[in-house]
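Student: 3D model of this:
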Amino acid sequence: MTEKTNGSGLWQKVPALTAAFSGKGIGPTNFADPAVRTLLVAKARWLALLVVGLYGTCAMVMFIRSPYGFFLSHPQVLFLAGAVAFMVVYNGLCHFFYEKINQLRCNAQFK
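Tutor: I've put the predicted structure just below:
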(Lines give C-alpha, C1' and ligand atoms only; values in the text may rest on other atoms or scores of the structure.)
Protein backbone atom coordinates (compact mmCIF):
# COMPACT_ATOMS: atom_id res chain seq x y z
CA MET A 1 0.00 0.00 0.00
CA THR A 2 1.18 3.44 -0.71
CA GLU A 3 1.09 6.32 1.71
CA LYS A 4 -1.91 7.81 -0.05
CA THR A 5 -4.05 4.69 0.27
CA ASN A 6 -3.40 3.81 3.91
CA GLY A 7 -3.66 7.37 5.20
CA SER A 8 -0.37 7.32 7.13
CA GLY A 9 0.36 10.85 5.94
CA LEU A 10 -2.53 12.09 8.09
CA TRP A 11 -1.00 10.66 11.26
CA GLN A 12 2.32 12.30 10.50
CA LYS A 13 0.61 15.68 10.28
CA VAL A 14 -0.92 15.35 13.75
CA PRO A 15 1.92 14.79 16.27
CA ALA A 16 -0.36 14.06 19.22
CA LEU A 17 -2.10 11.25 17.36
CA THR A 18 1.23 9.87 16.18
CA ALA A 19 2.54 9.80 19.73
CA ALA A 20 -0.64 8.26 21.10
CA PHE A 21 -0.89 5.49 18.50
CA SER A 22 2.81 4.68 18.55
CA GLY A 23 2.90 4.35 22.33
CA LYS A 24 5.25 7.27 22.80
CA GLY A 25 4.38 10.04 25.20
CA ILE A 26 1.88 8.01 27.16
CA GLY A 27 3.94 8.30 30.32
CA PRO A 28 5.14 5.79 32.85
CA THR A 29 3.26 2.52 33.11
CA ASN A 30 4.50 1.53 36.55
CA PHE A 31 1.17 0.91 38.26
CA ALA A 32 2.88 0.63 41.66
CA ASP A 33 3.45 4.38 41.47
CA PRO A 34 0.58 6.22 43.24
CA ALA A 35 0.72 9.10 40.75
CA VAL A 36 0.17 6.77 37.81
CA ARG A 37 -2.72 5.02 39.57
CA THR A 38 -4.36 8.32 40.53
CA LEU A 39 -4.10 9.68 36.99
CA LEU A 40 -5.48 6.44 35.58
CA VAL A 41 -8.47 6.65 37.94
CA ALA A 42 -8.98 10.31 37.01
CA LYS A 43 -9.04 9.41 33.32
CA ALA A 44 -11.56 6.64 33.98
CA ARG A 45 -13.65 9.10 35.99
CA TRP A 46 -13.72 11.51 33.01
CA LEU A 47 -15.13 8.70 30.90
CA ALA A 48 -17.71 7.82 33.56
CA LEU A 49 -18.75 11.47 33.85
CA LEU A 50 -19.17 11.67 30.10
CA VAL A 51 -21.33 8.53 29.99
CA VAL A 52 -23.49 9.60 32.94
CA GLY A 53 -23.84 13.10 31.49
CA LEU A 54 -24.95 11.78 28.12
CA TYR A 55 -27.38 9.38 29.79
CA GLY A 56 -28.80 12.17 31.96
CA THR A 57 -29.20 14.48 29.00
CA CYS A 58 -30.98 11.81 26.95
CA ALA A 59 -33.25 10.93 29.89
CA MET A 60 -34.10 14.61 30.41
CA VAL A 61 -35.02 15.07 26.76
CA MET A 62 -37.16 11.92 26.78
CA PHE A 63 -39.01 12.97 29.94
CA ILE A 64 -39.62 16.49 28.63
CA ARG A 65 -41.19 15.00 25.49
CA SER A 66 -43.24 12.38 27.40
CA PRO A 67 -46.80 12.93 28.69
CA TYR A 68 -45.44 12.95 32.26
CA GLY A 69 -43.14 15.88 31.63
CA PHE A 70 -39.98 16.74 33.51
CA PHE A 71 -41.00 15.97 37.07
CA LEU A 72 -37.89 16.88 39.06
CA SER A 73 -38.28 19.85 41.35
CA HIS A 74 -35.94 22.85 41.25
CA PRO A 75 -33.98 21.75 44.38
CA GLN A 76 -33.49 18.27 42.93
CA VAL A 77 -32.13 19.69 39.68
CA LEU A 78 -29.80 21.99 41.64
CA PHE A 79 -28.57 19.06 43.74
CA LEU A 80 -27.84 16.95 40.65
CA ALA A 81 -26.09 19.82 38.88
CA GLY A 82 -24.08 20.60 42.03
CA ALA A 83 -23.02 16.97 42.41
CA VAL A 84 -21.83 16.81 38.81
CA ALA A 85 -20.02 20.15 39.16
CA PHE A 86 -18.32 18.91 42.34
CA MET A 87 -17.16 15.74 40.58
CA VAL A 88 -15.82 17.73 37.63
CA VAL A 89 -13.87 20.08 39.92
CA TYR A 90 -12.59 17.21 42.11
CA ASN A 91 -11.52 15.18 39.09
CA GLY A 92 -9.90 18.20 37.48
CA LEU A 93 -7.87 18.87 40.61
CA CYS A 94 -6.77 15.24 40.84
CA HIS A 95 -5.91 15.09 37.18
CA PHE A 96 -4.19 18.41 36.52
CA PHE A 97 -2.75 19.37 39.94
CA TYR A 98 -1.67 16.01 41.34
CA GLU A 99 1.85 17.16 42.20
CA LYS A 100 0.58 20.05 44.34
CA ILE A 101 -2.12 17.95 46.03
CA ASN A 102 0.38 15.20 46.79
CA GLN A 103 2.43 17.61 48.90
CA LEU A 104 -0.45 18.21 51.33
CA ARG A 105 -0.30 16.31 54.61
CA CYS A 106 -3.95 15.16 54.57
CA ASN A 107 -4.12 14.17 50.90
CA ALA A 108 -4.69 10.44 51.53
CA GLN A 109 -8.23 11.07 52.73
CA PHE A 110 -9.21 12.86 49.50
CA LYS A 111 -7.96 10.32 46.96
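Student: Can you find which helix in this protein contains the most residues?
Tutor: The single longest helix within the chain, with elements called by DSSP state H, is helix 34-65.
Student: quick one: buried residues of that helix?
Tutor: For helix 34-65, burial by neighbour count (16 or more other Cβ atoms under 10 Å) applies to 38-39, 42, 45. Just so you know, the C-beta spots here come from the backbone N, C-alpha and C atoms, and that holds for glycine as well.
Student: Please apply the same query to stretch 90-109.
Tutor: Going by 16+ other Cβ under 10 Å, stretch 90-109 has these buried residues: 91, 94, 98.
Student: if I look at the residue lying closest to residue 42 once chain neighbours are set aside, how far off is residue 41?
Tutor: In space, and not counting its chain neighbours, residue 42 is closest to residue 95: 3.9 Å by Cβ to Cβ, 6 or more residues apart in numbering. Distance, residue 95 to residue 41, using Cβ to Cβ, to the nearest Å: 9 Å.
Student: By average pLDDT, which secondary structure element in this protein comes out worst?
Tutor: helix 3-6 (a mean of 49; mean pLDDT, DSSP states H and E).
Student: Next, count neighbours for the closest residue to residue 49 other than its chain neighbours.
Tutor: Once flanking residues are discounted, residue 49 sits nearest to residue 87: 6.1 Å by Cβ to Cβ, 6+ apart. For residue 87, the count of nearby residues is 16 (other Cβ atoms under 10 Å).
Student: cool, residue 71 as well?
Tutor: For residue 71, the neighbour count with other Cβ under 10 Å is 8.
Student: what does the one 5 residues further on give?
Tutor: Around residue 76 there are 10 other residues, counting by other Cβ under 10 Å.
Student: so which strand or helix has it?
Tutor: helix 74-96 (DSSP states H and E).
Student: Show me what the helix or strand following that helix is packed against.
Tutor: Using DSSP H and E, the helix or strand that follows helix 74-96 towards the C-terminus is helix 98-102. Where contact means 3 or more Cβ pairs under 8 Å, 6 or more residues apart in numbering; DSSP states H and E, helix 98-102 is packed against helix 34-65.
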